[in-house]
Structures are given as C-alpha cells and as structure tokens.
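> Generate a structure from the sequence data that follows.
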Amino acid sequence: MPIDDEAGLEAIVRAARVVAVLGMKDESRSPEPAVRIPVMLVERGIEVIPVNPTIASSLGRRSWPRLADVPVPFDLVDVFRRSDRIPAIAEEILALSPERRPRVVWLQTGIRHDAAAARLEAAGITVVQDECLGVLAARWLPRRAVGE
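Below you'll find the model as predicted:
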C-alpha cells in the first residue's frame, strides 16, 4: 500500500538511517536538488551513499555505478531520475537479493510511476511517490552538530 499520509511519511523519514541516492550529482552542481537534498540529509545524521555511474564521488563519499554495487546495506533509495526510468530502476531493485532490498523507495517531487510502484509494493517494498524527502526531513529531523 502506498504511503501518502503525514504520519506514515514521518515514520519513514524518522526511521531512515542509510539512504542510497540514485541519480545524485557531484557537489560542483550544488544548486541542483540531487545535491542539496543529500546535503540536508547528512546534516540531519543520515548516511548518504551516492549512486550514479557518471561521477566518482560526491560529498566526500564514493559513488557507486548501480545499487547492486553498493557494498553496505541501505534502508531507503531516494530516486532522482525521470518517471520513464522508474520501471528499469524497479527491476534493478527487485533483482537484488531479498535481504539486500531497501525497505523504502522514495520518488522525489514530480516523479511517479504507478505500475512500477505496484511491482515494488507487491515485493514488500514501501513506495513514496512525488514527495520531497528533503522538505520532510527538514520538517521532522533536527540538524546535528558535526561529529554528533
């Protein structure tokens, strides 16, 4: 079942610990949401893993070409890709072994694909569509001091 109620969204945001950011940009493109939002997540104590085959790193973190290449578990995938790319992304996520799959796939503002979301949900993955993770993280998670 899709999550689109305030309490459900808040629970997801508060539970996020490690977020793979699919389509993250390098910090030289700082005005773009695919940089600003990961920075905001890091400021709130969330570990961010860049996933983008076109960059080597971002925010001092190595970038991985595909989700399957990420060597550590992640509980949420934050997607910065066009809606027409979501079916292929869903297939990539479903190709992961069940224990490596994220609990949540978050499609950023303006990104929606109901059929792909239904496939992910049928596999037990919660999907949030057309919502800004950064806005909600700023609302519900306090900034943390460096080293906290």
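> any idea what the closest residue to V35 other than its chain neighbours is structurally, helix, strand or coil?
Spatial nearest neighbour of V35, chain neighbours left out: K25 (4.9 Å); criterion: CB to CB, 6 or more residues apart in numbering. Every C-beta, even on glycine, is put in place using the N, C-alpha and C of the backbone. Secondary structure assignment for K25 (DSSP: H, G, I helix; E, B strand; the rest coil): coil.
> Quick check: beta-bridge partners of the residue nearest to the spatial centre of the chain?
Nearest to the mean C-alpha position of the chain, by CA atoms, centre = their mean, lies D78 at 1.4 Å. On the basis of DSSP bridges, D78 takes part in beta bridges with V21, W106.
> I figured it was touching V19, is that so?
Yes. Using CB atoms under 8 Å, D78 is in contact with V19, at 5.3 Å.
> Pull up the overlap in contacts between the two.
P38, L41, L133 (CB atoms under 8 Å, 6 or more residues apart in numbering).
> quick revisit: quick one: the residue nearest to V35 from R62, how far?
Per CB to CB, to the nearest Å, K25 is found 15 Å from R62.
> Neighbour count: the two, which is higher?
Neighbours were counted for K25 and for R62 using other CB atoms under 10 Å; K25 has more, 22 against 12.
> ok, the more buried one - contacts?
E32, A34, V35, N52, I55, S58, F80.
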